[in-house]
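Chemist: Sequence and predicted structure are below.
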Amino acid sequence: MKIAILGGGISGVALARMLAGDGHDVAVLEKADRPGGLCKSRSYGEFTFDEAGGHIVFSKDQEVLKWQLDRCGGEAGTQRTVRNTKIRWHDRWVPYPFENGVGHLTQEAIVDCMKGYVEAYVQRRLGAPCPTNFGDWIQWRMGDGFARHFMVPYNQKIWKRELTTMASDWVAGRVPEAPIDDILRSAIGVTTEGYTHQSVFWFPKRGGFETMVKGTVEGGGFDLQCGVTVQRVERTKDGFLVDGQRFDLVVNTVPLPQIEATLADLPEAVRADIRALVPISLVNVMIGVRLDEPLPDLSWIYLPFAEQGPTNRVTYYSNYSPHNAPAGHGCFLAEVTHRGDLRASDGELLRSVVTGLGSAGILRPEHVVLLEACDNEFAYIDQDLAFRDRIGRVRRWFDESGYITFGRFGRYEYHNSDQCVRRAMQVHEHIRELARTGDRRPLLLT
């Protein structure tokens, strides 16, 4: 088949490579000057940074993990790291996840957290139903102490909205529950570990995370067209037209609000739903520092409090690979989320990031030798209370229409890059069956 894929992020180029391997004629149409989407990287001299936060190569899915590593040059082309993640809780380093690090808090805070957690645990065992909003879910799952000391301030900082106006279903299936034995052990000083599926990860030795995209494109067998702004897509009796060019199939991976206006046959109700899909945006601040001594052996940290500046997460990026910074230097990625009201060009914002990280003991402002930033309009999915029904209607129309849409913002699924690759594999199988039978059955993704 002749297939057009709209968007050259990791979802689009991964699927294109798989389809080209089956012998299809595949064109990837990318608006930017190069592929990558949220997986792009950039360099300043000998410093390398990712543009949209600190990505890592990992997956619970061994097939996907191998696929990712192969695109990055395998074991020889990547650095293996044992995850060391912390929360900067006032003046203390607390292991992440917070419930597994509760023993590192003050005695008063430990009592607060454990009292609230036991009360919440008992209520759940007595049948208290899972709340539909995120704010109440935190209390139901973690209790008042954990909520006040970390979960509420951190999540308000990242999501920039009242937490009771967010849905809970996205997190209820995403965040594993720590065994109560682990939390009790942690409270009395016994080390426990959470989220063990991320305990080891990999990262490209050179070139940042975009190396994975380049490794997908190179030898991929498909036609990558950059600098292409698609104006009109429409269905015909026997296929699709993309700016007048005929294709048998169109697959979208572009953020839905950015592609909606080009789809000629979208029903008005679906257009309205798409226009209501407002993203959480991100200014990613790239910081190079001169070092008197090596950076601590940290992977990334969380900053929940306002006095720590606007940053919610910091990646110790030069710990991912020594080639991300020149000798005698280190580098960080500082993430600042917003709702369209910040810009990477705002010098005052960048200075407030550095000042906040200095007051939090992360870096010494006078050692900063590089300070740059980039904007990411589509970074996180705003999971408001109407989101599930709204996106359900949008996905249902696409899945039944003959179009295919997937990707973090092509389908609005809160997926990391490995899950985007898995989705590409699932869509690949769907198209294989379509090519074999000619049956344009609805896309089914679970």
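Modeler: Happy to help now that I have it.

Chemist: Please count neighbours and contacts with C-alpha atoms only from this point.
Modeler: Will do.

Chemist: wait, doesn't Leu371 sit right on Val285?
Modeler: Yes. Checked against Cα atoms under 8 Å, the pair Leu371 and Val285 is within contact range at 7.2 Å.

Chemist: Which neighbours do those two have in common?
Modeler: Listed contacts common to Leu371 and Val285 are Leu350; contacts here mean Cα atoms under 8 Å, 6 or more residues apart in numbering.

Chemist: For the two, indicate the residue with more neighbours.
Modeler: More crowded of Leu371 and Val285, by other Cα atoms under 10 Å: Val285, with 27 against 16.

Chemist: Would you double-check that that one falls in a strand?
Modeler: Yes. Assessed by DSSP: H, G, I helix; E, B strand; the rest coil, Val285 belongs to a strand.

Chemist: That one pairs with what?
Modeler: Ala334, Ala373 (DSSP bridges).

Chemist: What's the biggest helix in the protein, counting residues?
Modeler: Using DSSP state H, we find that the single longest helix of the chain is helix 417-437.

Chemist: Mind giving me the packing neighbours of it?
Modeler: helix 10-21, helix 62-71 (3 or more Cα pairs under 8 Å, 6 or more residues apart in numbering; DSSP states H and E).

Chemist: Need the winner for burial among those helices.
Modeler: helix 10-21 (a mean of 25; mean count of other Cα atoms under 10 Å).

Chemist: What is the distance between that one and the centre of its chain?
Modeler: Its chain's C-alpha centre and that of helix 10-21 lie 20 Å apart, by Cα atoms, centre = their mean, to the nearest Å.

Chemist: Report the angle between the following helix or strand past that helix and helix 10-21.
Modeler: Going down the chain from helix 10-21, the next helix or strand is strand 25-30, by DSSP states H and E. Per axes from the mean of the first three to the mean of the last three Cα atoms, to 10 degrees, the angle that strand 25-30 makes with helix 10-21 is 160 degrees.

Chemist: Can you spell out which helices and strands pack onto strand 25-30?
Modeler: strand 2-6, helix 10-21, strand 223-226.

Chemist: Could you dump the ones you listed into CSV and include distance to Pro279?
Modeler: Shown next, in CSV, are these (distance: least, Cα to Cα, whole Å):
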stretch, distance to Pro279
strand 2-6, 19
helix 10-21, 18
strand 223-226, 24
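
Chemist: among the ones you listed, which is nearest Glu366?
Modeler: Nearest to Glu366, of all the helices and strands packed on strand 25-30, is helix 10-21, at 37.3 Å by Cα to Cα.

Chemist: Report the secondary structure state of the closest residue to Arg17 other than its chain neighbours.
Modeler: Once flanking residues are discounted, Arg17 sits nearest to Gly220: 4.8 Å by Cα to Cα, 6 or more residues apart in numbering. With three-state DSSP as the basis, Gly220 sits in coil.

Chemist: Now do the contacts for Gly220.
Modeler: Neighbour list for Gly220: Ala16, Arg17, Ala20, Gly21 [criterion: Cα under 8 Å, 6+ apart].

Chemist: Many thanks, I have nothing further to ask.
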